[in-house]
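Visitor: predicted model and sequence follow; I will ask about them next.
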Amino acid sequence: MYERRRNEKGKITIFEATGQIGQLLVTQALQAGYDVTAYSRRPNALNMEHEKLQIVVGDLTDRRKAS
């Protein structure tokens, strides 16, 4: 059975990460220690860098990127 370490929070995906609420959620999740995948339709719309942040650019109708 997999046992998560106490300091490992896990992974979270945030859609519409470039909107006002999305950016707030990304910031809070990173501060809480989560690995964050931020999904955006526009390249360079999320001006943020972090070792635990991965930015995916695409449309939600593209199932390959959304999964």
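Guide: That came in fine, so what should we check first?
Visitor: three-state assignment of Q23?
Guide: Recorded secondary structure, Q23: helix (DSSP: H, G, I helix; E, B strand; the rest coil).
Visitor: what's the pLDDT at it?
Guide: In this prediction, Q23 carries a pLDDT score of 94.
Visitor: below-threshold pLDDT in the chain: ranges please.
Guide: Flagging of the chain using pLDDT under 70 yields the residue ranges 1-8, 62-67.
Visitor: and the strands in it?
Guide: Taking DSSP state E, the strands of the chain run over residues 11-15, 35-40, 53-57.
Visitor: how about T13, what does it touch?
Guide: Going by Cβ atoms under 8 Å, 6 or more residues apart in numbering, T13 touches V36, T37, A38, Y39. Backbone N, C-alpha and C define where each C-beta goes, glycine included.
Visitor: what bridges to it?
Guide: Per DSSP bridges, the residues bridged to T13 are T37.
Visitor: distance-wise, check it relative to S40.
Guide: Using Cβ to Cβ, to the nearest Å, one obtains 12 Å as the distance from T13 to S40.
Visitor: equivalent analysis for K52, please.
Guide: Look at K52 and S40: by Cβ to Cβ, they are 17 Å apart.
Visitor: hmm, G58 is touching R42, no?
Guide: No. G58 is beyond contact range of R42, at 10.2 Å (criterion: Cβ atoms under 8 Å).
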